[in-house]
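# Quick one: sequence and predicted model below, then my questions.
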Amino acid sequence: RALDRALQKVVQAPGGPPGVISLVRRGGRSFAHRAGVADTETKRRWRPFDHMRLASTSKAYSGAVALSLVRRRRLDLDDTIGERLPALPGAWAAVTLAQALHHTSGLPDYTANARFQADVGANPLRRFTPSELIAYVAGEPLHFRPGSAYEYSNTDNVVVALMAAAATGQSYERLLRTRVFSPLGLSATTLPPGPLLPRPFAHGYAVDPPGPVEDVSEVASMSWVWASGGIVSTPTELGRFIRGYVGGQLFGRTLRRQQRRWVDGHSEPIGPGTNSAGLALFRYRLGCGTVYGHTGNFPGYTQFAAASSDGRRSATVSANTQLAQGRFSPPAFRALRRAFARAACAALASGG
């Protein structure tokens, strides 16, 4: 009931999303909680099998690919950009795979580059290659000595995906299918290059009161976020992924311990409770316990997915507008962050 009330407050907040859905898994059962609508025209509710954009939650999937390859000795956490991707800038050569996964690489974020932002603004449907994304910041120096600080960067996970592809001779998209989607039974999860969403989907909206709500579900090419934010999935499959990922199903306990070497840092947008950063994973400490997962936002969507340490319990919260701290309606984001916490505590609860 507390979670239901929290979700209702999200959609009622100024600038809040038209709809929100939370799936809570505990005791081998899943519980769906919803408020508002997935489509403002038809007024239908959000369903667990509706497709949606995962935004930066996609970074956990690139982490899953990389760690599965480390387990099979195709990659090593100490592999460097210079060793695996010698064509990239020499100033980046000493950055390791672990540092890219940890956001301690110092790599400049291409999405913060003014030229990139201008190009996307001029043509949101433009299809970028990963090399074109990196080219926007190839001439910039590292922001700090690798391993010495934490800074969230979308370039990190583009590099992680390229290192995985270079190590195997396979495309990142194929690695996702063989290393993540197939083992976890994620038949409705994809990495599309263009703007279209599989049907049925929860519509994503730009909400800027007092202006009208604008449907932005399919206005942008996913190629401009690629491995850092382009994955499409459903609430059901997002929960299944995060349980398998956090539980170490894809790469085992030894690597899971290495993944959980925490530094000060938070996911983007910030998750519930006290945040710490691991390898493509964040720890969220709450009064009711601790969960592990990722968040993300993108025009039209905001995501939270987390699981208990053993991967048996999980909580996801998905909203159909972009929200974050300090912008995109801070009051609505504060309500959403409270809903993140309620969902996580519902997953950890001992009741029936």
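That came through, no problem.

# can you give me the offset of the helix or strand encompassing A315 from its chain's centre?
Taking DSSP states H and E as the definition, one finds A315 inside strand 314-319. Its chain's C-alpha centre and that of strand 314-319 lie 12 Å apart, by CA atoms, centre = their mean, to the nearest Å.

# which other helices and strands contact the following helix or strand past it?
Sequence-wise, the next helix or strand downstream of strand 314-319 (DSSP H and E) is helix 330-348. On a contact count with 3 or more CB pairs under 8 Å, 6 or more residues apart in numbering; DSSP states H and E, helix 330-348 meets helix 2-12, strand 19-26, strand 282-286, strand 289-298, strand 301-307, strand 314-319. For glycine as for every other residue, the C-beta is placed from the backbone atoms N, C-alpha and C.

# In this structure P299 contacts D208, no?
No. Using CB atoms under 8 Å, P299 is not in contact with D208, being 11.7 Å away.

# what's in contact with the helix or strand of the chain with the lowest mean pLDDT?
Every helix and strand of the chain was ranked by mean pLDDT, DSSP states H and E. The lowest is helix 252-259, at a mean of 93. Residues outside helix 252-259 that contact it (CB atoms under 8 Å, 6 or more residues apart in numbering): G63, L67, V70, R71, L77, A98, G248, G278, L279, A280, L281.

# Nearest to A32, out of those residues: which one, please.
Proximity of the contacts of helix 252-259 to A32 (CB to CB) peaks at L281, which lies at 25.0 Å.

# dump the residue contacts of that closest one.
Per CB under 8 Å, 6+ apart, neighbours of L281: A60, G63, Y245, V246, Q259, R260, Y292, G293, H294.

# Of the residues you listed, which is the nearest to A343?
Of the contacts of L281, the one sitting nearest to A343 (CB to CB) turns out to be G293, at 10.7 Å.

# residue contacts, the closest one?
Neighbours of G293 in contact, by CB under 8 Å, 6+ apart: A60, I242, V246, G271, L281, F282, Y284, F304, A305, A306, A307.

# quick one, helices of this protein?
Ranges of helices in the chain, per DSSP state H, are 2-12, 59-71, 81-84, 97-102, 114-122, 130-135, 154-168, 172-176, 182-184, 235-246, 252-259, 330-348.

# What ranges in the stretch 51-200 of the chain fall below the confidence cut-off?
Regions of the stretch 51-200 of the chain meeting the criterion pLDDT under 70 are absent.

# And the residue lying closest to L75 once chain neighbours are set aside, how close does it get to A341?
Leaving aside its sequence neighbours, L75 sits nearest to L69 (CB to CB, 6 or more residues apart in numbering; 4.3 Å). Distance, L69 to A341, using CB to CB, to the nearest Å: 34 Å.

# Look at G211 and report its pLDDT.
Model confidence at G211, given as pLDDT, is 85.

# burial count for it?
Counted by other CB atoms under 10 Å, the residues lying close to G211 total 8.

# Same check on the one 5 residues further on?
The number of residues packed near V216 is 21, by other CB under 10 Å.

# Do you know the pLDDT at the residue nearest to P192 when sequence neighbours are not counted?
Setting aside the residues directly before and after it, P192 is nearest to M222 in space (CB to CB, 6+ apart), at 5.5 Å. Note on M222: pLDDT of 96.

# Thought L197 was touching M222, still the case?
No. Assessed by CB under 8 Å, M222 is found out of contact with L197, at 9.6 Å.

# Give the residues shared as contacts by the two.
Shared contacts of M222 and L197, defined by CB under 8 Å, 6+ apart, comprise R53, V232.

# pLDDT score for G351?
Looking at G351, its pLDDT reads 59.

# rewinding a little: state the distance from the residue nearest to L75 to V317.
30 Å.

# And those two? Which one has more around it.
Each of L69 and V317 has its neighbours counted (other CB under 10 Å); V317 has more, 31 against 21.

# ok, so what distance separates V20 from G229?
Distance check for V20 against G229: by CB to CB, it reads 20 Å.

# Those two: which is more packed in?
V20 (29 against 24).

# follow-up on the earlier one: any of the contacts of helix 252-259 buried? List them.
The neighbour-count criterion (16 or more other CB atoms under 10 Å) marks G63, L67, V70, R71, L77, A98, G248, G278, L279, A280, L281 among the contacts of helix 252-259 as buried.

# ok, now which ones touch the third one?
Just to be clear, that refers to V70. V70 sits in contact with D76, L77, L97, F251, L255, where contact means CB under 8 Å, 6+ apart.

# 7 Å instead?
D76, L77, F251, L255 (CB atoms under 7 Å, 6 or more residues apart in numbering).

# could you dump those to CSV with distance to A332?
Shown next, in CSV, are the contacts of V70 (distance: CB to CB, whole Å):
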residue, distance to A332
D76, 43
L77, 38
F251, 36
L255, 37
